[in-house]
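Engineer: Please find the sequence and the predicted model below.
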Amino acid sequence: DAGVTQSPTHLIKTRGQQVTLRCSPKSGHDTVSWYQQALGQGPQFIFQYYEEEERQRGNFPDRFSGHQFPNYSSELNVNALLLGDSALYLCASSPGATNEKLFFGSGTQLSVL
Amino acid sequence: AQSVTQLGSHVSVSEGALVLLRCNYSSSVPPYLFWYVQYPNQGLQLLLKYTSAATLVKGINGFEAEFKKSETSFHLTKPSAHMSDAAEYFCAVSDRRTPLVFGKGTRLSVIA
């Protein structure tokens, strides 16, 4: 079992650019959640996808958008990057929209210059 | 709204000593509580969780935590620290379906 896999592991962008991060959930999981972890902070919830729809959303601007594919994998898109978007982006998957069996990937480290 | 406060951003213990990491929560509904560990350059790994069953919860790697409603606390303990326990620890609160709300984390250092 490969667990939750994220790509790429590291990414460097400049302000104003757009970025796409990818996540493949753990086998048997159909729900994907995205979290942003700034340096020295705990993870903050961005949004959750289930049945290819955004089900819950945290306090993030519309520049942050996502998608879930029929195979349950997911993408996180961030437009018009700001320096403050530099963070570790974590993907978590679960069987259904429950927190009891949430598995996290190793994350994508995004640096915005 | 739910929130978590982790007391102490950095805790240092000697190898073999007791580990105590403090977490207080705020929740308007019966909470689910979690402790996660994060090693450098890695994601989060679930140590243990409280989901309204037994108040003393045992997790992996010898860690345990006790839910105390009267004190709104969920402190993490381990009787004897190992060097491999050095990591960042996060407490989180939720109910069954709302997103996890994390604390700012506590960095545990273990001194030989």
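Structural biologist: Here it is on my side, so go on. Numbers count the residues shown, from 1 in each chain, chains lettered A, B, ... in the order given.
Engineer: ok, for the closest residue to chain A within chain B, nearest residue in space, not its chain neighbours?
Structural biologist: Of all residues in chain B, B:Phe102 sits closest to chain A, at 3.2 Å by C-beta to the nearest C-beta. Quick note: C-beta positions are derived from backbone N, CA and C, even for glycine. Among residues not flanking B:Phe102 along the chain, A:Gly42 sits closest, at 3.2 Å (C-beta to C-beta, 6 or more residues apart in numbering or on different chains).
Engineer: count of neighbours near B:Ser12?
Structural biologist: 13 (other C-beta atoms under 10 Å in any protein chain shown).
Engineer: again, but for A:Asp30
Structural biologist: 17.
Engineer: ok, back up a step: you'd agree the residue of chain B closest to chain A is up against B:Ala92?
Structural biologist: Yes. With contact defined as C-beta atoms under 8 Å, B:Phe102 reaches B:Ala92; the gap is 4.6 Å.
Engineer: intersection of neighbour lists for those two?
Structural biologist: Jointly contacting B:Phe102 and B:Ala92 under the rule C-beta atoms under 8 Å, 6 or more residues apart in numbering or on different chains are A:42, B:4, B:36.
Engineer: how about the first one, what does it touch?
Structural biologist: So that's A:Gly42. So A:Gly42 contacts B:4, B:90, B:92, B:102-105 (C-beta under 8 Å, 6+ apart).
Engineer: Could you single out the nearest of the shared contacts of B:Phe102 and B:Ala92 to B:His10?
Structural biologist: A:Gly42 (14.6 Å; C-beta to C-beta).
Engineer: Figure out the helix or strand that the closest one lives in.
Structural biologist: Under the criterion DSSP states H and E, no helix or strand holds A:Gly42.
Engineer: List phi and psi for it.
Structural biologist: phi -80, psi 160 (degrees, to the nearest 10).
Engineer: Provide the secondary structure category for the most centrally placed residue in chain B.
Structural biologist: Closest residue to the average C-alpha location of chain B: B:Trp35 at 3.6 Å, with C-alpha atoms, centre = their mean. Under DSSP: H, G, I helix; E, B strand; the rest coil, the three-state class of B:Trp35 is strand.
Engineer: which residues sit in contact with it?
Structural biologist: B:21, B:23, B:46-49, B:59, B:63, B:65, B:74, B:76, B:89-92.
Engineer: Good, we can wrap up now.
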